[in-house]
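Colleague: Can you look at this prediction? I've put the sequence above it.
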Amino acid sequence: MKHTISCFLTILTLTAISHFSFAQRQYGGFYTQEKIQNLKNNCIKYDWAKDLKNTVINNAKSFVDKSDDELWSLVPGQNTPRCIDVTLDRIAKGPKVLGCLKCGLDVLKFGNYPYNPEFVDKPWKLTCPSCKSIFPSNDFGKFYASAIDERGQFDASKGDKSLLFNTEHPDPSDPLHKYGVDDGYGFIDQKGRAHRFIGYYVWKKWDYISKGLADLAEAYLYTGDKIYARKAAIILDRIADVYPEMDWKPYADRGWYHSDGGRNMGKIHGSIWETQIITSFADSYDKIISGTVDNIELYSFLKKQSEKYKIGAKGTRALMLQNVDDGLLRTAYKAVLSTQIRGNQGMHQLTLATCAIALDSQPESNLWIDWIFATDGGNIPGLMISTFDRDGTSNEGAPGYALIWGRLVSQIAERLEGYPAYKKHNIIKEFPQFNTTFLAAYRMAALGIAVPNMGDSGATGTVSNGADPKFITKGYVFTKDPEFAKAAYIANKNSADKLGRNIFAKDPDEISKEIQNVAERLGPRKDGGYLMSGFGLALLENGSGNNGVAIANNYGRTIMHAHPDLMNFDLFAFGKWLAPDHGYPEFATNIPSNRDWTGSTVSHNLVFVNEKPQKEIWGGQTRLFKQLKGFGVFEIDGQKAYPETKTYQRTMFLVDAESGENNSYVIDIFKVEGGMDHLYSFHGPPGELSNSGLNLTAQKAGTYAGENIEKGIAANGFPQGYSFFYNVQRDQSPPPAFIIDWKTETGYRGTTADDNLHLRMHALSKVNDVALADGDPPQNKPGNPKKLGYVLMHRKGEDLNSTFISVFEPYKQNPFIKSIKRIDNGDESQIALLIEHTNGSIDHILYNPEYEKLMKLPNNVSMTGNIGFLRTKNNQPTKAILVNGSTLSYGELNLKSEGRITGKIVKMNKNPSGSGWVLVDQILPENGSLNGEQLIISTKGERDATYTIKSVKREGKYTKIDCGPITFAMGLKNKQSEDPKDPYSNYIYEFEEGAAFSIATHTEWSTNK
Ligand SMILES: [Zn+2]
Ligand SMILES: [Zn+2]
């Protein structure tokens, strides 16, 4: 008998111990003993760490000075209403927004969230930033205190109603006695509309609590002083009391507003912002866990509260940890699964990872993390192939938005890296294609200094390099790829200072030292443009930095935050964007200035077809990309943007001007076949326009839409955007060639009067009529010009076949082009330009879409091929380039080449995990000559199946072309795999085995060698 009992006891003890061993964990899952010790050592060793420690202590001051009671009472419960707009209503009739109760819509100019409550000095009050009136008019604090229930939570129905009056008008017969009074559910005005001062205040209060908690938790890490841990734990324990019941839905159902993506789901906040506040709570919890050991004052306080209110048993560390684990972390886990916590992709996955690691309890934590990777869960692997491209951007079209996903996923990767207990997945190792995200912004910058303003990003002509050296450094830490170190160094203004500094590491500046060494060895940024065929950006460059010239053509997504501007281009020269996109719209809403103008096709440098904007699509297709020294050319097919056309294609050249000024010129050949109306729209930099060749008559009034159509009105019976062109002048029978000159206005993005900076456009197209007009970019962005000067070249007729040919010449002081002539036979199938420089050089530009057909020009020039360039001086050749051709000859000069490489894809790597290689049915040179060139694969799919070649290796009668750590998979079929033997039969690929491919070749010759 005795034996049995002891056995039973042993089991009990064992259970108790194993339960204890996780509930009573000593440290957080992420902030381990080692990390915290390193941090403390670093704070002794380094002055910068000491400074940081002082800042952290300072930040926590206001919260650590609050009494335990005050902190505990700070946390509102489910019945304390909350919302993010005082009047915005999803149900009420009438205007959506009313603004301030006193000054109305005036308050809107202070932004979307104009009120900033002062929680200490003006509790429960909102001050209007516009008229300075303060609401609510009642003493809500008193009412709140009167309405606390037995669980310590606010319940308006229990409050003392006699307190609900305007304190400045206490007399009940005063007509203002009830004016501006809010019981938590808003002041209801005469029209029955609610003004929810308290709702808005409580939303902000939750963020105030979250910030205060985070400050306390940081201060505990740095100081080890348990007072910070106690204060933080009091808040966390209280949040855990109320969190299971928190539900945003009842407020959403009333028509109130929050970040729920219109789904009425959420808990404290709408489901989107819920991800952030819970991530922050869980992170704070992880930080303070070691500070809750032997924290006697903490447990006696919690015990006291549990005696005062019906909130369950409290008073030990085990009970506290159990409460926060259950009430906060496990509740959050369930809420992620039920989508009450659900943000943009990456957000809720990060929340769950942070919660799982803070819980640090096996096998539970790892099962949660598994969910992040599960197809029916967080689906990181699926997203990695379906919404992520080989340039590290997501399915958004504007640079800023397109980079968000990469940033979020890198945070998940970082969290998981800091939690070695989870071994099943490693984002960085499993998806090598992900790592390009760290370089995406850096690579988008033309000449390394200017990210083109595409879609909803930047402002008109803003020059920003976009690259964040700290983020690139993360990529280096993950991969140790020297190219990342070099990029981080360059992005950090050629310095490794503080890069990768990690206060939790034994040597916090180890990474910075590594980067310094690697970057010094690798040298500066390589000159020359490149193709980002995943994102959809073709960059050609000549020269470097502010002395260089670049063209950027965006042919990627025109969905999401993009504009319908496929193949729009901008020209960067002398440190300025000279054909600037409007940038971020005036308001990113569906109003004419955005829908018809900034966010539509005709405000861009494009051909507007059939008086309709482009269709929104995933992107265009590369037909050719070649960047050589001093010469670059690309051809992009954008036909899908105008499905009614047969051809919608742009070919652009960037050619070194050789004038000793680091200058270049641009040739634009825009081919459109099909349709009845083609309008080539182009605008230069802001400033005065002059022209030569046109005979203009000013339109008396109105806009391009008509004499009696006012500026800026929504399209109605006329094409979208036409009402935004004003000051219209027309030439009804323009000559086949004319010149427009823009003189950049002083003040435009730093342009000075001395700059005397111009852009000339040499138009070489036969059109029906030409108009010059002004158009305004968004007027509410700092530094935006008042207006831009547009040229509109128009063709009209049945089944049009147009080739718009233009040459763009940026210059300072004096132009360098003397004359331009077309010397082809004029039938548009072959194009030849003769460009005479002021220094006597003559350039021949040859463009022949029918590669095999001989192109024979006057003055002895002939070519069989696609692209030819010949420069002569005094009738002697000085430079010649042949792209995709067999011969280019001029007198004695006879350039020969093998012509374009073509063949078929025999086999492709179908593995979705980042290794892009194909076998082709051709024997290709292994000498490295194809490295860096584009492998262009034919596809019927929506994505551009063009890949940069990393290496070429012969394999029997085939050649293996490796395109680096990318994947060809772009999505999953809906149906499950039909062939169980083929693990990849369920994937959709960017192209198919058997597809045709091509690689452009070139030959160069020059006397300068
Ligand atoms: Zn006001
Ligand atoms: Zn745009």
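Modeller: Now that the structure is in, tell me what you want to look at. Ligands and ions are numbered 1, 2, ... in the order given.

Colleague: So which bits of the helix or strand hosting Y489 are buried?
Modeller: In this structure, Y489 sits in helix 482-491 according to DSSP states H and E. Across helix 482-491, burial judged by 16 or more other C-beta atoms under 10 Å covers 482, 484-491. In short, each C-beta sits where N, CA and C put it, glycine included.

Colleague: Same question for stretch 686-701.
Modeller: 686-687, 689, 691, 694, 699.

Colleague: again, but for stretch 837-849
Modeller: The neighbour-count check on stretch 837-849 (16+ other C-beta under 10 Å) flags 837, 841-849 as buried.

Colleague: just stretch 979-988 next, same as before
Modeller: 986-987.

Colleague: OK, contacts around R871?
Modeller: Contact analysis of R871 by C-beta atoms under 8 Å, 6 or more residues apart in numbering lists 658, 841-844, 877-880.

Colleague: Show me how far stretch 486-494 is from its chain's centre.
Modeller: 21 Å (C-alpha atoms, centre = their mean, to the nearest Å).

Colleague: Show me what it is in contact with.
Modeller: By C-beta under 8 Å, 6+ apart, stretch 486-494 touches 439, 442, 448, 465, 467-469, 472-473, 475-476, 495-496, 499-500, 515-516, 518-519, 522-525.

Colleague: Give me the buried entries from those residues.
Modeller: Buried among those by 16+ other C-beta under 10 Å: 439, 442, 448, 465, 467-469, 472-473, 475-476, 495-496, 499-500, 515-516, 518-519, 522, 525.

Colleague: from those residues, which ones fall inside helices?
Modeller: Using DSSP state H, the members of those that fall within helices are 439, 442, 469, 472-473, 475-476, 515-516, 518-519, 522.

Colleague: Kindly reformat these as a markdown table containing distance to ligand 2.
Modeller: Formatted as a markdown table, those follow (distance: C-beta to the ion, whole Å):
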| residue | distance to ligand 2 |
| --- | --- |
| L439 | 24 |
| Y442 | 22 |
| P469 | 28 |
| I472 | 27 |
| T473 | 31 |
| G475 | 29 |
| Y476 | 33 |
| I515 | 35 |
| Q516 | 39 |
| V518 | 37 |
| A519 | 35 |
| L522 | 35 |
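
Colleague: Could you report the neighbour count for the residue in the stretch 801-950 of the chain positioned nearest to ligand 2?
Modeller: Taking C-beta to the ion, ligand 2 has its nearest neighbour within the stretch 801-950 of the chain at F808, 18.3 Å off. For F808, the neighbour count with other C-beta atoms under 10 Å is 25.

Colleague: Regarding this protein, what is its longest strand?
Modeller: Longest strand in the chain, counting residues (DSSP state E): strand 876-890.

Colleague: what are the ranges of the helices in the stretch 751-900 of the chain?
Modeller: Using DSSP state H, counting those that start in this stretch, the stretch 751-900 of the chain contains no helices.

Colleague: for ligand 2, what are the nearby residues on it?
Modeller: For the stretch 751-900 of the chain, no residue is in contact with ligand 2 (C-beta under 5 Å from the ion).

Colleague: Below-threshold pLDDT in the stretch 751-900 of the chain: ranges please.
Modeller: The stretch 751-900 of the chain contains no residues with pLDDT under 70.

Colleague: Could you do the stretch 451-600 of the chain as well?
Modeller: 588-590.

Colleague: Would you mind listing what in it touches ligand 2?
Modeller: So far as C-beta under 5 Å from the ion goes, the stretch 451-600 of the chain lies against ligand 2 at 563, 565, 581.

Colleague: so the second one makes contact with D456?
Modeller: No - contact status for D565 versus D456: not in contact, 11.2 Å apart, counting by C-beta atoms under 8 Å.

Colleague: Just want to know which of the two has more residues nearby.
Modeller: Taking other C-beta under 10 Å, D565 and D456 do not tie; D565 has more neighbours (26 against 23).
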